[in-house]
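Enquirer: Okay, predicted coordinates and the sequence, questions at the end:
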Amino acid sequence: MSTGINRLENQSAKNDTQHISAIDRSLVVLLPDLHFDHPAQHFSTQSPMPPTELIASMNRPLSLTFQLTRGCNFKCVYCSEPPGIRSRPLAVMKAMVDKMVGMRRIILSGGEPMAYKHFWEILEYARDRFEIVVLSTNASLITRSSAERLRPLVDYIDVTVDGARKQHDLIRGQYDAVVRGLAHIASAGIPLSVICVYLQGNRNAIHYIAQTVMPLEQRRLRYSLQFPKA
Ligand code: SF4
């Protein structure tokens, strides 16, 4: 009997194969028996190898978060991005992406990655070179038309929601713009992963966040701890 989960898994496997075949297979050098589980958004394997051996057999990371810019249109209370750092030119960014080829997943992040001047060029460049491409965004710059444009270029989108409107606005601001962006992502049919940064002020908010994003068919809701970058 084919369940909804079976169908999702089959679709994920099909998506994996399509993406791998869409790029040069020789670039996928990392543990081809690792399967990316799209609904759960993590890697899994049926390999009998113990995890330590599996890790030792890798010649590079599976996944990397790549900051396109440190600039951002938000002012979250926990932001650790230092202001005033200039973004790099497109050619430099492309050269950096080239060095990462062979990893299975690239997560384009920031600052706010969509605020980077050459965001679309880098996204298309990454789509041609990686099996899994993820956008980590505050969602405020996503319009109906940009969501349509994003659909073939990303596997899923990460967005942070830190509470109901009042809580979120105290922590991150622009709640309505974020929810509008989430709605555009959902109507474009892009898988969505929602993150909540765990703070003293929002520790009871997870059910509000779940209620807000449930109609948007998000695939994953996760808590993240705040930690300083180093
Ligand atoms: S959205 Fe991210 S980069 Fe922008 S202010 Fe908030 S934490 Fe910092």
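Expert: Sure thing, it's come through. Numbers count the residues shown, from 1 in each chain.
Enquirer: how many neighbours does M100 have?
Expert: Neighbours of M100 under the rule other CB atoms under 10 Å: 17. (Glycine included, C-beta is placed from N, CA and C.)
Enquirer: The closest residue to it other than its chain neighbours pairs with what?
Expert: Once flanking residues are discounted, M100 sits nearest to L64: 5.6 Å by CB to CB, 6 or more residues apart in numbering. Beta bridges link L64 to I106 when assigned by DSSP bridges.
Enquirer: L64 is in contact with I107, isn't it?
Expert: Yes: counting by CB atoms under 8 Å, L64 touches I107, with 7.1 Å between them.
Enquirer: between the two, who's got more neighbours?
Expert: Set L64 next to I107 and count neighbours by other CB under 10 Å: I107 wins out with 20 against 15.
Enquirer: and that one, what does it touch?
Expert: Counting by CB atoms under 8 Å, 6 or more residues apart in numbering, I107 touches S63, L64, T65, F66, V134, L135, S136, D158.
Enquirer: Neighbour-wise, which one of those residues leads?
Expert: Counting by other CB under 10 Å, top hit in the contacts of I107: L135 with 26 neighbours.
Enquirer: My read is that that residue contacts R149, right?
Expert: No: contact criterion CB under 8 Å: L135 and R149 do not qualify, at 11.5 Å.
Enquirer: ranges for the strands of the chain?
Expert: 34-37, 42-45, 63-67, 105-109, 132-137, 156-160, 192-198, 220-225 (DSSP state E).
Enquirer: Need those in CSV (columns: mean pLDDT and distance to V77).
Expert: Formatted as CSV, the strands of the chain follow (pLDDT from 0 to 100; distance: least, CB to CB, whole Å):
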stretch, mean pLDDT, distance to V77
strand 34-37, 84, 33
strand 42-45, 84, 29
strand 63-67, 93, 20
strand 105-109, 96, 19
strand 132-137, 97, 18
strand 156-160, 95, 12
strand 192-198, 89, 10
strand 220-225, 74, 14
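Enquirer: Ok, which of these comes nearest the ligand?
Expert: strand 156-160 (7.0 Å; CB to the nearest ligand atom).
Enquirer: pLDDT weak spots in the chain?
Expert: Across the chain, residues meeting the criterion (pLDDT under 70) sit at 1-32, 218-219, 227-230.
Enquirer: Now do the helices in it.
Expert: Under the criterion DSSP state H, helices of the chain are mapped to 4-22, 51-56, 90-100, 119-127, 144-150, 165-171, 175-187, 206-213.
Enquirer: export the ones you listed to JSON lines and tack on distance to Y78?
Expert: Formatted as JSON lines, those follow (distance: least, CB to CB, whole Å):
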{"stretch": "helix 4-22", "distance to Y78": "33"}
{"stretch": "helix 51-56", "distance to Y78": "30"}
{"stretch": "helix 90-100", "distance to Y78": "26"}
{"stretch": "helix 119-127", "distance to Y78": "24"}
{"stretch": "helix 144-150", "distance to Y78": "26"}
{"stretch": "helix 165-171", "distance to Y78": "7"}
{"stretch": "helix 175-187", "distance to Y78": "16"}
{"stretch": "helix 206-213", "distance to Y78": "16"}
